[in-house]
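Prediction below, plus the sequence it came from.
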Amino acid sequence: MRLAFTFPTPLFRPTTPLRNAALLVALTSLFYFIGAEMRLVSALSLFWPLNGVMAAVFARVVWLNRLRYYAVTWAAMLLYDMITTRWGSASLVINFSNMLFIVLVAQLILRDRRRQSDLPDPLNALRIMCGCLLASLLSALVGALGSEGITRQTFWPLYADWFSEQFSTGVLLLPCLLTLRLPCAPLRAPPAAGLPLLGLALAIAASVAIGGAGSLAFPLPALIWCAVRYSLATTCLLTLLTGALEIILVANGSIDIAAGAALTTDMMFSARLGIAVMAICPVMVAVSMAAIHALIKQVSLRADYDFLTRVYSRSGLYEALRRQPEEQTGPAMTVMLLDIDYFKRINDEYGHECGDRMLADFAGKVQEMVGDAGLVARMGGEEFAVVLVASGGAEGFALAERIRQAVASHPFQWRQHPLRLTVSIGLGSGQGPSRTLTESVNTLLAEADEFLYRAKKAGRNRTHARSVKGTTAMSAPAAE
């Protein structure tokens, strides 16, 4: 499955502080409402998305990390409590614990982003989990102290429940929200691309049917399968949905992790921690896969193109030939080898920096003359090849002559000094590929190499090729 994503239209703008404040109030109120509607034990929530969502917002929009915007978010929480609860001064402490989680996680993510060049991506994914762990430990301490007056639970059960909820929700939400993109093109996927999703659905169904604490880990293999097949953003979203669904199924008894016993806070503590640890595994795999794919693409590009001249390398030429559509190959083809005359003198007189510049400029000139008619590659040193997969000997010879004359008349510049280059060219021409295109090119390269040798032996700045009658067709520079 290949998905195309782009950044969503920015909701927040640096030039509209009132709009930003209103959006923060709206987001805070919305996710406060969602969490409040999922309360499990007295004032505590089964799933509290507010802190994870707001931490992601502050992490993604760097310039929002100002005291006034933190204050607006906290004030929105206090206002919601004032309208919907009777917690009084306890609301100050409880919502301060929420802000503590939000600020700590956002700042840790921003710190890692600044150090991104020094840290590999999988380690960053692990550090998100560590940041959630640290923030959850500290915010749970404040939250549990503030909640003792509004619930019948004692401090340690409150601390365990608060910590496990904050940690599990943060680990589930943050990777998804930090990689969230909007689709920028229609999503097209073959039917087989849906198999990991089917496996994930069957794994969740097995968790419900079998039960027990171990059933919580049933979706893990399917999630790892998703991580290998899908993009990082898609994997994070599926991980979030799976973890949240399992928490809800455990809470309402659909997944019975302790047969014959009613759900207690201690069991919820175990379930949340297990799901949180499970959730980070596919995220790390997905990040690793994304890094591997990017590395493979980068290595492939470096192997296919000559770094100095920006034309194909020898291996890149053969790879391009393998990708050449059959309908673009003609009944006849031509291969030419070009060698810059007396190139060693340029390196000796002006230095290798000048030599590199001349190679790049020469390759650019040849590419300009060839255009879309063929493939240009650097075979090594000052030797280049041009492959015309749909041109006969006469057409190839005419193009080679245009290249030779263009190079001879072009004033190559080096530090405001014009340098004149000439090139010797040998051609090999024949019928289109009888077996494979690469085998035909290899045969014609050998012929072109022979005629290049003749051109250089005849005095350079010449084009040599086999004529129709089997004799040598050649050109010579115009007399000065």
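Looks like it arrived, so ask away. Numbering: from 1, shown residues only.

Identify the residue spatially nearest to the residue nearest the centre of the chain, adjacent ones excluded.
Nearest to the geometric centre of the chain sits residue 290, at 5.5 Å (C-alpha atoms, centre = their mean). Counting by C-beta to C-beta, 6 or more residues apart in numbering, residue 290 lies nearest to residue 232, which is 4.8 Å off, once chain neighbours are set aside. Heads up, the C-betas are built off the backbone N, CA and C, glycines and all.

Pull the number of nearby residues for the one you found.
Residue 232 has 25 neighbouring residues, counting by other C-beta atoms under 10 Å.

Now do the contacts for it.
Residue 232 sits next to 179, 283, 286-287, 289-290 when contact means C-beta atoms under 8 Å, 6 or more residues apart in numbering.

Most neighbours among these, please name it.
Ranking the contacts of residue 232 using other C-beta under 10 Å puts residue 286 first, with 30 neighbours.

So this protein: which segments form each domain?
As recorded under automatic domain parsing, the domains making up the chain are 5-302, 314-475.

hang on, the earlier thing: for the contacts of residue 232, which two are the farthest from each other?
Using C-beta to C-beta, the contacts of residue 232 span at most 13.0 Å, a distance reached by 179 and 289.

Identify whichever of the domains of the chain lies nearest to residue 308.
Closest of the domains of the chain to residue 308 is domain 314-475, at 5.8 Å (criterion: C-beta to C-beta).

and whichever helix or strand residue 177 is part of, what does it pack onto?
Assigned by DSSP states H and E, residue 177 falls within helix 155-178. Counting contacts by 3 or more C-beta pairs under 8 Å, 6 or more residues apart in numbering; DSSP states H and E, helix 155-178 packs against strand 44-45, helix 49-60, helix 90-114, helix 121-147, helix 232-251, helix 265-304.

Please identify the deepest-packed of the ones you listed.
Of all the helices and strands packed on helix 155-178, helix 49-60 has the most neighbours on average by mean count of other C-beta atoms under 10 Å, namely a mean of 24.

what's next to that one, contact-wise?
24, 27-28, 31-32, 34-35, 64-65, 69, 73, 77, 98, 101-103, 105-106, 109-110, 113, 135, 139, 166, 169-170, 172-174, 177-178.

In the stretch 351-480 of the chain, mark out all the helices, start to finish.
Taking DSSP state H, counting those that start in this stretch as the test, the helices found in the stretch 351-480 of the chain are 352-370, 393-409, 437-457.

how about a markdown table for those, with mean pLDDT and distance to residue 236 added?
Below are the helices of the stretch 351-480 of the chain laid out as a markdown table (pLDDT from 0 to 100; distance: least, C-beta to C-beta, whole Å):
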| stretch | mean pLDDT | distance to residue 236 |
| --- | --- | --- |
| helix 352-370 | 93 | 42 |
| helix 393-409 | 92 | 52 |
| helix 437-457 | 91 | 42 |
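
Nearest to residue 254 among the ones you listed would be which one?
That would be helix 437-457 among the helices of the stretch 351-480 of the chain, by C-beta to C-beta, at 59.4 Å.

I'd like to know which elements that closest one is packed against.
helix 314-323, strand 332-340, strand 383-388, strand 423-431, strand 463-466, strand 472-475.

Now mean pLDDT too, for the ones you listed, in TSV please.
Below are the helices and strands packed on helix 437-457 laid out as TSV (pLDDT from 0 to 100):
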stretch	mean pLDDT
helix 314-323	87
strand 332-340	93
strand 383-388	95
strand 423-431	91
strand 463-466	92
strand 472-475	62
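
could I get these as CSV with distance to residue 275 and mean neighbour count?
Compiled in CSV, the helices and strands packed on helix 437-457 are given as follows (distance: least, C-beta to C-beta, whole Å; neighbours: other C-beta atoms under 10 Å):
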stretch, distance to residue 275, mean neighbour count
helix 314-323, 45, 16
strand 332-340, 61, 25
strand 383-388, 57, 24
strand 423-431, 66, 24
strand 463-466, 72, 24
strand 472-475, 76, 16
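
Rebuild these as JSON lines, extending it with distance to residue 207.
Below are those laid out as JSON lines (distance: least, C-beta to C-beta, whole Å):
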{"stretch": "helix 314-323", "distance to residue 207": "45"}
{"stretch": "strand 332-340", "distance to residue 207": "61"}
{"stretch": "strand 383-388", "distance to residue 207": "58"}
{"stretch": "strand 423-431", "distance to residue 207": "64"}
{"stretch": "strand 463-466", "distance to residue 207": "72"}
{"stretch": "strand 472-475", "distance to residue 207": "77"}
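
who wins for proximity to residue 16 among these?
Of all the helices and strands packed on helix 437-457, helix 314-323 sits nearest to residue 16, with 49.0 Å by C-beta to C-beta.

so the closest one versus helix 437-457, what angle?
Angle, helix 314-323 to helix 437-457, by axes from the mean of the first three to the mean of the last three C-alpha atoms, to 10 degrees: 130 degrees.

Quick check: pLDDT value at residue 3.
Note on residue 3: pLDDT of 34.

To clarify, my last question referred to residue 100.
We have a pLDDT of 97 for residue 100.

same thing with residue 212?
pLDDT for residue 212: 74.

where does the closest residue to it other than its chain neighbours land in three-state SS?
Distances taken as C-beta to C-beta, 6+ apart put residue 257 closest to residue 212, at 6.3 Å, once the chain neighbours are dropped. Of the three states, residue 257 takes coil under DSSP: H, G, I helix; E, B strand; the rest coil.

Just the buried residues of the strand or helix carrying residue 200, please?
If you go by DSSP H and E, residue 200 is part of helix 195-210. Judged by neighbour count (16 or more other C-beta atoms under 10 Å), helix 195-210 contains these buried residues: 196-197, 199-200, 203-204, 207.

Let me have those residues in TSV, extended by pLDDT and distance to residue 416.
Converted to TSV, the buried residues of helix 195-210 look like this (pLDDT from 0 to 100; distance: C-beta to C-beta, whole Å):
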residue	pLDDT	distance to residue 416
196	90	61
197	92	63
199	89	66
200	93	65
203	86	70
204	91	71
207	84	74
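
With distance to residue 155 added, can I get those residues in a markdown table?
Formatted as a markdown table, the buried residues of helix 195-210 follow (distance: C-beta to C-beta, whole Å):
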| residue | distance to residue 155 |
| --- | --- |
| 196 | 43 |
| 197 | 43 |
| 199 | 43 |
| 200 | 38 |
| 203 | 37 |
| 204 | 35 |
| 207 | 33 |
